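Undergrad: Need a 3D model of the sequence below.
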Amino acid sequence: MIAAELGIDALLSSCHAINLLTLVEVDASDLQRRGVRTKWQVKNTPPFPPSFDGAKSLSHGDFCARQITIGLWEINTVWLVVLSFQRTMQPDTPCGRILPGFRDWGLWHTTWPLLWILPFRLGIDGLYRLASAASVAVGLTEPLDWPPAFSSAREAWTLRRFWGVYWHQWLRWPFSAISTTIAENGFGMTKAHLVGRYMHVLFVFTLSGVLHLISDVLSGVPWRKSGSLLFFCSFTLAFMIEDGVQELWRRITEKQGKEQAVQSNEKCGRMSAVEVVTSTPVWKKVVGFAWVGAWLSVSSPVYLQPFFEGLCRQGSTPDYLHMAQRLDPMVLCGGMAAMTLLVWHRFGIDL
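TA: From the prediction side, this is the model:
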């Protein structure tokens, strides 16, 4: 796992260095991948929560205390989730039989989308918070340099919003810059063209797939069995389906809206255009969440099943699972409850 993380970080740092030095032509002294506090700050970088008061008046001590408390709470929750999964299996179930066990229990399709909300998001975010606290504590950075890594899962009601709003944006700037250069200079396709837009999306997800393919290989997955490229590139097709359905619905409702407006204006004896700005209806979000969950439940096993199997064969996953079995669930629940109350009372409930 350590080798995989180091390999991913090295490749991503190289891509971002290329982005900074050759594509946007800026000084590479600051290699923040989201361009925080610069004019290149990545779109949809989450804002600081209200309890931070914009992070301007937050002391280093309060920032570190909050980040450490929430980070430990998230990691504690991940352990609790892993332990809960373990308890659904027989005590002597080998690592490689855990995923097939979920299929046997009929939990196969519901498990995959939840992984992106609970263990994956909480694990990544917990480590990010602990790293931010350590960096600020030793004086390397300021609290303003560490906006939240993730947005709320409530924002992920389309696949575009899942990757572009909810999920972390650490890959967006370097991969988008490289993809735009390839599409425009290599193929002469700009985002102004429909084909160019989806070509850009495909290149971004291809780079992400290559990055995670390297992670798979370093984690013990044979490259021929890795599903990283197929998984990430499949979202190009998913975006096309999603955009097509939304555009069709927009045209239908727009036509109906114009007809109703004309009839209403004729009754009033005048013709006027009235623009009404409304938020996305709840029913659309419900349908959107169902769509996102359905796609993730079908596509995630292609990527995650070989990855988990590789970890079971050559990684440290069995050691983590044995460690989780030794943990007391009551202690974990008590610790999580105590830290939840602390965050709510001391820092505000917004996480």
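Undergrad: what about the helices in this protein?
TA: Along the chain, counting by DSSP state H, helices occupy 2-18, 60-87, 98-104, 108-117, 119-137, 159-161, 172-181, 187, 194-218, 228-268, 282-314, 317-326, 329-342.
Undergrad: what's the angle from the fifth one to helix 282-314?
TA: For helix 119-137 against helix 282-314, the angle between stretch directions is 80 degrees (axes from the mean of the first three to the mean of the last three CA atoms, to 10 degrees).
Undergrad: Please name every helix or strand in contact with helix 119-137.
TA: Judged by 3 or more CB pairs under 8 Å, 6 or more residues apart in numbering; DSSP states H and E, helix 119-137 is in contact with helix 60-87. Quick note: C-beta positions are derived from backbone N, CA and C, even for glycine.
Undergrad: what's the weakest-modelled helix or strand in the chain?
TA: Ranked by mean pLDDT, DSSP states H and E, the weakest helix or strand in the chain is helix 98-104, scoring a mean of 58.
Undergrad: Please report how far Ser132 lies from Gly71.
TA: Using CB to CB, to the nearest Å, Ser132 is found at 8 Å from Gly71.
Undergrad: same thing with Trp249?
TA: Using CB to CB, we find Trp249 at a distance of 41 Å from Gly71.
Undergrad: Which one's more surrounded, these two?
TA: Taking other CB atoms under 10 Å, Trp249 and Gly71 do not tie; Gly71 has more neighbours (21 against 11).
Undergrad: Run through the residues that contact Gly188.
TA: Residues near Gly188 by CB atoms under 8 Å, 6 or more residues apart in numbering: none.
Undergrad: Give me the pLDDT for it.
TA: Per-residue pLDDT puts Gly188 at 91.
Undergrad: and the most centrally placed residue in the chain, what does it touch?
TA: Ranked by distance to the mean C-alpha position of the chain (CA atoms, centre = their mean), the top residue is Trp167 at 2.1 Å. With contacts defined as CB under 8 Å, 6+ apart, the neighbours of Trp167 are Phe150, Ala156.
Undergrad: Can you list phi and psi of it for me?
TA: Note on Trp167: backbone dihedrals following degrees, to the nearest 10 are phi -70, psi 160.
Undergrad: Show the model's pLDDT score for it.
TA: The per-residue pLDDT reported for Trp167 equals 96.
Undergrad: Ok, Asp350 next?
TA: Looking at Asp350, its pLDDT stands at 56.
Undergrad: again with Leu332
TA: What the model reports as pLDDT for Leu332 is 72.
Undergrad: what's the answer for Thr45, then?
TA: 92.
Undergrad: same question, Ala17
TA: In this prediction, Ala17 has a pLDDT value of 62.
Undergrad: All further residue positions should be reported with the first residue as 50.
TA: That works, and once the first residue is 50, the last one we named lands at Ala66.
Undergrad: What degree of burial does Cys113 show, as a neighbour count?
TA: As a burial measure, Cys113 scores 20 neighbours (other CB under 10 Å).
Undergrad: same thing with Phe101?
TA: Here the number of neighbours of Phe101 (other CB under 10 Å) works out to 21.
Undergrad: Also Ile117?
TA: Ile117 has 17 nearby residues by other CB under 10 Å.
Undergrad: Equivalent analysis for Val331, please.
TA: Neighbour count for Val331, taken as other CB under 10 Å: 8.
Undergrad: Then the one 10 residues further on?
TA: The number of residues packed around Val341, counting by other CB under 10 Å, is 22.
Undergrad: what's the answer for Lys92, then?
TA: The local packing of Lys92 (other CB under 10 Å) involves 12 other residues.
Undergrad: Next, it: phi, psi?
TA: In terms of degrees, to the nearest 10, the main-chain angles of Lys92 are phi -60, psi 140.
Undergrad: So it is in contact with Arg221, correct?
TA: Yes. Counting by CB atoms under 8 Å, Arg221 is a contact partner of Lys92 at 7.4 Å.
Undergrad: which neighbours do those two share?
TA: Gly213.
Undergrad: wait, what's in contact with Lys92?
TA: Gly213, Gln218, Arg221.
Undergrad: now the last one, nearest residue through space, not along the chain?
TA: Beyond its immediate neighbours in the sequence, the residue positioned closest to Arg221 (CB to CB, 6 or more residues apart in numbering) is Val91, lying 5.0 Å away.
Undergrad: Give me the neighbour count for that neighbour.
TA: Neighbour count of Val91, defined by other CB under 10 Å: 19.
Undergrad: which residues touch it?
TA: When the contact criterion is CB under 8 Å, 6+ apart, the partners of Val91 are Arg82, Arg83, Gly84, Gln218, Arg221, Trp222.
Undergrad: Tell me how many other residues surround the first one.
TA: Other residues lying near Arg82 total 20 when counted by other CB under 10 Å.
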